[in-house]
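Novice: sequence below, structure please.
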Amino acid sequence: MIGIDIVSIARIEKFIKKFGDKALNRFLSEDEIKIAIKTETIAGFWSAKEAISKALKTGIGSEIGFLDIKIYKDKRNAPYFELSNRVKDKFNIKESSLSISHDGGFAIAVAVIF
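Specialist: This is a model prediction of the structure:
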């Protein structure tokens, strides 16, 4: 399964300016906030969570919320994700891959899940 998402970095910046910390807490965990310092990274995490939910064929909603998906970075700074126990039990994920990039005012993410 594959999911992709793109988001305007300016859109996320406006969202953060309007709602402050409440905006971040709506879709990022405390640990994610610590590593997503730049607006570009925050937008990338938004896009990644959308891409993951699309790969799982649910979208963000009642089955999977933003906070059910946690983005991490490995030793080489490559992103990966984990699902909450509530969601993990619904899917039989054997392997996954996540790629996030940003350029030209946009953040894009692709998630591949087996």
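
Novice: give me the most central residue, the chain.
Specialist: residue 49 (2.7 Å; Cα atoms, centre = their mean).

Novice: residues touching the residue lying closest to that one once chain neighbours are set aside, list them.
Specialist: Distances taken as Cβ to Cβ, 6 or more residues apart in numbering place residue 69 nearest to residue 49, at 4.7 Å, with adjacent residues excluded. For every residue, glycine as well, the C-beta is placed using N, CA and C. By Cβ atoms under 8 Å, 6 or more residues apart in numbering, residue 69 lies in contact with 48, 49, 52, 53, 81, 82, 83, 84, 87.

Novice: for stretch 95-108, which outside residues touch it?
Specialist: So stretch 95-108 is in contact with 4-10, 12, 40-41, 43-48, 51-52, 71, 79-81, 109-114, going by Cβ under 8 Å, 6+ apart.

Novice: quick one, longest helix in this protein?
Specialist: When the chain is scanned for its longest helix (criterion: DSSP state H), the result is helix 39-55.
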